[in-house]
Structure formats: C-alpha cells, structure tokens
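Mind folding the following:
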Amino acid sequence: MGCNQTLDEVILESSSPTKTPYVSISAIYPVGSASGYDYGSIWSYPSRGGGGGSTYTAEEEVVEEEEVVEISVQLKDKELCVYNRLQWAGVNPTNGYINMMTQLFIEFGEGNIGGADLVFREGNLGYKGGGTERGNEEGEYHIILSGMGNSSSMEIAKTLVHEMAHAFLAKKLDLHNESFKALYKIYMNKKGLRNYSHAIMEDHFINRMAQILYDYDSALFSSMDDYKIFASYGVYELTENQLADYNLLVDYAKIYDKRCRVEG
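As a prediction, the model looks like this:
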C-alpha cells in the first residue's frame, strides 16, 4: 500500500532489546496508531523540521580503540627500497629459512613481548651513518639514518642491520630479560646504549650480520670475509689492514652496487 503522507515523527521497531546505532526498519507507524505496542522496546527519531533529516537520540556506546603496537617506516627513496629488500631477502618460504634480520623484527611490531614500537626515520645526526635512540614513549625505539642519500645500498643495508641490533639489545635491557641480564653482567662497561651493545655484537652478531648482507646481495663481494669486514665496521676498531679493506669495499660498492639505484 502506497503512502505519501508527511509524518512529524516515525518510530523504528527493533527486534533486539540491545540498543545499537545499526537497525533494520521492519515497520513504520504514525504516532498513536500502534495501540497496545510495547513502547519500551522502540526508539524515536524526531524530525528537526524543514526536512533537515533525522537525529539519533539513543545513547551511543563509546568504544575505545586499542593502541596498536607497530613498526613505523618513515624512510623514502633509496633508504625505503633497501629496507624493503632486507625484509624479503632474509626469508625463503621454500625451506623455511630466515636470517637474523627477520628474527630481530619479531622483537617489534604488533603482538611482540613488551609491546615495543620501532620507528625508522631520517634525521640529522651531524654525521653520515645511523643511530638508535629511545623515543618519547616507553618501549619506543627510533632508528635514524643521517646523510646517507649518496651511499651505496649495501652501506645503507649495513647501517640498518647495525642499528636493528642496537634496538634489539636496548629492548632486552629495558625489559630486564633474565637471560640477557646474565649476559650483560659479562659486559660491565656500561657507558651508554652503544658501548655494551657493541661488545655483545662483536662477540655474538658479526657472522649473522654478515649473513644478512650476503642474503641482501650475494653477488656484490667476492667472499664471506668481505661481508664480515663490512658488517664489522663501527662495531669494533678494525686493524689497519681491515680498515683499508673496508674502504676498498665501500668504493667498490659505490660503483658496482646496482640495488635500489635512484635515477636523477
């Protein structure tokens, strides 16, 4: 039956006793026509006049959004390209292989133990390279790349891996992880974030850091020793010969590293 009446008020009938802003209209009654109807189970949407539409008058439930723990990537151009390649280069779904880079990332992001956030961003540290800082929020760590726009992608990859290791060790210390505290007692020279973590990285991470760089680009350098020298720079003081080898590798990578090249 058609109806072209203009109604001052309509009533929405709900089959559910629970109030919800999402309803399905099953019947419309002119006011006063639904004799004997249980008005305790209906909501009213009074007109505001002038055809201006309806206003929901029931009390809306306020749902607080749960804070999402995340890895925030604020890099761009070459740095972002290197970051993305590091992610997939360390995983082989065929045989289940993951390298240390993937294992480090498990320590951050949604659902991680301790709820730590990790931020990758660019910044000005006053030198070319990387740095790891604790953020303003508890359990937040920032990995910062500074002045690396003209570096090879391998050098950027090495810096990201290095700083990821710093962030990992900082989180372990901040969470008072018992196994880490036992290891930390061996390295009592705690003068800041870098010193103790460099010592642990030298003893435990160099081979795995080198493996990440090899996975990133296995064709760039001629031997695993080259990748180890590259990963070791900045972790401990290289010998004169090692430093000379490292500088040669840096120059070689600038010429022959074809990953993540940015035109222009």
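
The closest residue to Asn92 other than its chain neighbours: neighbour count?
Spatial nearest neighbour of Asn92, chain neighbours left out: Ile98 (7.8 Å); criterion: Cβ to Cβ, 6 or more residues apart in numbering. C-beta here means a position set from N, CA and C on the backbone, and glycine is covered the same way. By other Cβ atoms under 10 Å, the residues close to Ile98 number 14.

Could you pull up the residues touching Ile98?
Going by Cβ atoms under 8 Å, 6 or more residues apart in numbering, Ile98 touches 90-92.

Quick one: mean pLDDT over the helix or strand where Ile212 lies.
Ile212 is part of helix 206-216 when elements are defined by DSSP states H and E. Mean pLDDT, helix 206-216: 92.

repeat for stretch 72-86
The model assigns stretch 72-86 a mean pLDDT of 92.

Quick check: buried residues in it?
For stretch 72-86, burial by neighbour count (16 or more other Cβ atoms under 10 Å) applies to 73, 75, 78-79, 81-83, 85-86.

Equivalent analysis for stretch 118-128, please.
Buried-residue list, stretch 118-128, by 16+ other Cβ under 10 Å: 118-120, 122.

got it, and stretch 93-112?
99-102, 104-105, 107-109, 112.

Same question for stretch 137-156.
For stretch 137-156, by 16+ other Cβ under 10 Å, it's 139-146, 148, 151-156.

With stretch 199-211 instead?
Within stretch 199-211, judged by 16+ other Cβ under 10 Å, the buried ones are 199-201, 205-206, 208-211.

same deal with stretch 236-250?
Those would be 238, 245-246, 249-250, for stretch 236-250 by 16+ other Cβ under 10 Å.

Output those residues as a markdown table; include the columns pLDDT, secondary structure and distance to Leu160.
Output for the buried residues of stretch 236-250, formatted as a markdown table (pLDDT from 0 to 100; DSSP: H, G, I helix; E, B strand; the rest coil; distance: Cβ to Cβ, whole Å):
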| residue | pLDDT | secondary structure | distance to Leu160 |
| --- | --- | --- | --- |
| Leu238 | 93 | coil | 20 |
| Asp245 | 97 | helix | 22 |
| Tyr246 | 97 | helix | 17 |
| Leu249 | 98 | helix | 17 |
| Val250 | 97 | helix | 16 |
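
and the end-to-end length of stretch 207-225?
One end of stretch 207-225 sits 9 Å from the other (Cα to Cα, to the nearest Å).

rewinding a little: just give me the closest of the buried residues of stretch 137-156 to Leu175.
Distance to Leu175 across the buried residues of stretch 137-156 (Cβ to Cβ) is lowest for Gly139, with 8.4 Å.

excluding its backbone neighbours, what's nearest that closest one?
Of all residues not flanking Gly139 in the chain, Ala116 sits nearest, at 4.6 Å (Cβ to Cβ, 6+ apart).

mind checking how far that neighbour is from Gly123?
20 Å (Cβ to Cβ, to the nearest Å).

and what of Glu163?
Counting by Cβ to Cβ, the gap from Glu163 to Gly123 is 12 Å.

isn't Tyr256 right next to Leu220, touching?
Yes. Look at Tyr256 against Leu220 with Cβ atoms under 8 Å: they come within range, at 6.6 Å.

More neighbours: which of those two?
Legend: neighbour count by other Cβ under 10 Å for Tyr256 and Leu220, higher for Leu220 (21 against 13).

That one belongs to a strand?
No. Using DSSP: H, G, I helix; E, B strand; the rest coil, the secondary structure at Leu220 is coil, not a strand.

picking up where we left off before, which ones are touching the residue nearest to Gly139?
So Ala116 contacts 69, 107-108, 139-141, 171 (Cβ under 8 Å, 6+ apart).

so which of those residues comes closest to Tyr227?
For those, the nearest to Tyr227 is Glu107 (23.1 Å; Cβ to Cβ).

With the flanking residues excluded, which residue is spatially nearest to that closest one?
That would be Phe168: by Cβ to Cβ, 6+ apart, it lies 5.5 Å from Glu107.

helix or strand for the one you found, which one?
helix 153-174.
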